[in-house]
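> Provided below for reference: sequence and predicted model.
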2 protein chains.
Amino acid sequence: MTPEALQQLGQRIGQLRRQRHWSLSHLAERAGLAKSSLSRLEQGNANPTLDTLWRLAIQLEVPFAELIIDDPAPLDEGGVTARLIERGRGTPVVEAWWMQCRPHACRRAEAHGAGIREHASVISGRLLVGSEGEERQLGPGEHCDFAADRRHLYRGDDEGATFLLTIVYPQRPL
Amino acid sequence: MTPEALQQLGQRIGQLRRQRHWSLSHLAERAGLAKSSLSRLEQGNANPTLDTLWRLAIQLEVPFAELIIDDPAPLDEGGVTARLIERGRGTPVVEAWWMQCRPHACRRAEAHGAGIREHASVISGRLLVGSEGEERQLGPGEHCDFAADRRHLYRGDDEGATFLLTIVYPQRPL
DNA sequence: GCCTCGCGTTCTTTATATCGAACGATGCGA
DNA sequence: TCGCATCGTTCGATATAAAGAACGCGAGGC
């Protein structure tokens, strides 16, 4: 087991923990671990047993494999990070993306194929989004639809923004 | 970690080993383990460290996840699986969930706190969703908003459904 | 100011996963 | 037959993962 992989694992656990706004002590208690063990693990110098990882996966509500496997490198353009969550297999084809704009980051996207629409739903921060000339300002809990077969953009404000994006392809792409 | 899961893991490793016509000693040597350790592991009374599993996965040439028969623990009620993707830290607080309804599964949710709204966005399958009495049928790429401070439900049809759900809390919960 | 609490880290101690040696069983050739 | 492999198991010794106590730090409250 490489040190880098252990490091990654630790970071991943810490990330999932913070997403839930849990303190290290809290997660340790929920999982029935000593917080010292969890601390070492998150720092990346530990070689945890299966049981330990299992307990954490249960509490964090993630499939076990997700803790270890490094997810495909999220692509990042101009301060906007995108990670594919899911791609449907029905008709129309729909993709779900987890998106994050760093503060003041702005991404201008070229027109996609005809008929493609997108739908953005903000989780935190404020986001300017939409077809060029018809952008809308969205806050947490707000969402909007727009046509993606024209130039469009995503822009975070002072605090950046985290949002879900679904892309709807009118017929099977490619 | 349940004894059954450990048992399963051991059987799985033994199975993969025998598929390759390797003796226990041989695999142990290749992986740099004591054969006693491997023996105990295959019998299902061991709690291996991540490093140990890692070495075995490499020698057996299987993705790590394949060793652990995936028995994840996202919360699951009545055939509806939910996994938290992200929780915002702004105001209002917004949670993003990845949801999956098995075919014909139906989940009736009680009223949440006052003012809470939800927003569902379908990735694949067809979903009946909404406040009780005002349900809507959604297909891939469609979405809708509804009040969650009343009884509401999620129901997949013949093929089940995968969708994103955002929950918007008017003020900080708890 | 002081006190208390919860945070995450770093120690020491304890439990246990791994190791290495020895074992009985089985197969095979001399 | 015996002798010598190799198999998988079991045992005591050792390395180390996890537990538990103590630490320094920062945020409130009085």
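Received the coordinates, thanks.
> For chain A, which residues score under the pLDDT cut-off?
A:69-76, A:89-90, A:171-174 (pLDDT under 70).
> Surely A:Arg87 touches A:Thr166?
No - the pair formed by A:Arg87 and A:Thr166 falls short of the contact definition of Cβ atoms under 8 Å, at 10.6 Å. In this view, the C-beta of every residue, glycine as well, is placed from N, C-alpha and C.
> what sits in contact with each of those two?
Residues touching both A:Arg87 and A:Thr166 comprise A:Val94, A:Glu95, A:Ala96, B:Ile123, with contact defined as Cβ atoms under 8 Å, 6 or more residues apart in numbering or on different chains.
> among the residues you listed, which ones are buried?
Buried members of those, counted by 16 or more other Cβ atoms under 10 Å in any protein chain shown: A:Val94, A:Glu95, A:Ala96, B:Ile123.
> how about the strands in chain A?
Counting by DSSP state E, chain A has strands at residues A:75-77, A:80-87, A:93-101, A:106-109, A:117-131, A:136-138, A:143-147, A:152-169.
> Out of those strands, which is closest to DNA strand C?
strand A:117-131 (19.5 Å; Cβ to the nearest atom of the strand).
> in its sheet, what does the closest one sit against?
According to DSSP bridges, the neighbouring strands of strand A:117-131, each with its direction, are strand A:136-138 (antiparallel), strand A:143-147 (antiparallel), strand A:152-169 (antiparallel).
> And the strands of chain A: which comes nearest B:Ser39?
Within these, the stretch nearest B:Ser39 is strand A:80-87; the backing value is 41.1 Å (Cβ to Cβ).
> Any idea which residue of chain A lies closest to DNA strand D?
When you check chain A against DNA strand D by Cβ to the nearest atom of the strand, the closest residue turns out to be A:Ser36, at 2.7 Å.
> For that residue, give its distance to A:Leu24.
Noted for A:Ser36: a distance of 10 Å to A:Leu24, by Cβ to Cβ, to the nearest Å.
> In terms of packing, which of the two has more residues around it?
In terms of neighbours (other Cβ atoms under 10 Å in any protein chain shown), A:Leu24 is the more surrounded of A:Ser36 and A:Leu24; the figures are 17 against 10.
> before we move on, the earlier item: can I get the strands paired with strand A:117-131 in a markdown table with mean neighbour count and distance to B:Ala109?
Converted to a markdown table, the strands paired with strand A:117-131 look like this (neighbours: other Cβ atoms under 10 Å in any protein chain shown; distance: least, Cβ to Cβ, whole Å):
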| stretch | mean neighbour count | distance to B:Ala109 |
| --- | --- | --- |
| strand A:136-138 | 16 | 26 |
| strand A:143-147 | 17 | 21 |
| strand A:152-169 | 21 | 20 |
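> Let me have those in JSON lines, extended by distance to A:Ile116.
Below are the strands paired with strand A:117-131 laid out as JSON lines (distance: least, Cβ to Cβ, whole Å):
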{"stretch": "strand A:136-138", "distance to A:Ile116": "18"}
{"stretch": "strand A:143-147", "distance to A:Ile116": "8"}
{"stretch": "strand A:152-169", "distance to A:Ile116": "6"}
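> which one of those lies closest to A:Ala31?
That would be strand A:152-169 among the strands paired with strand A:117-131, by Cβ to Cβ, at 25.9 Å.
> Now A:Trp54: closest residue in space, sequence neighbours ignored.
Here the nearest residue to A:Trp54 in space, its sequence neighbours aside, is B:Met1; by Cβ to Cβ, 6 or more residues apart in numbering or on different chains that works out to 4.4 Å.
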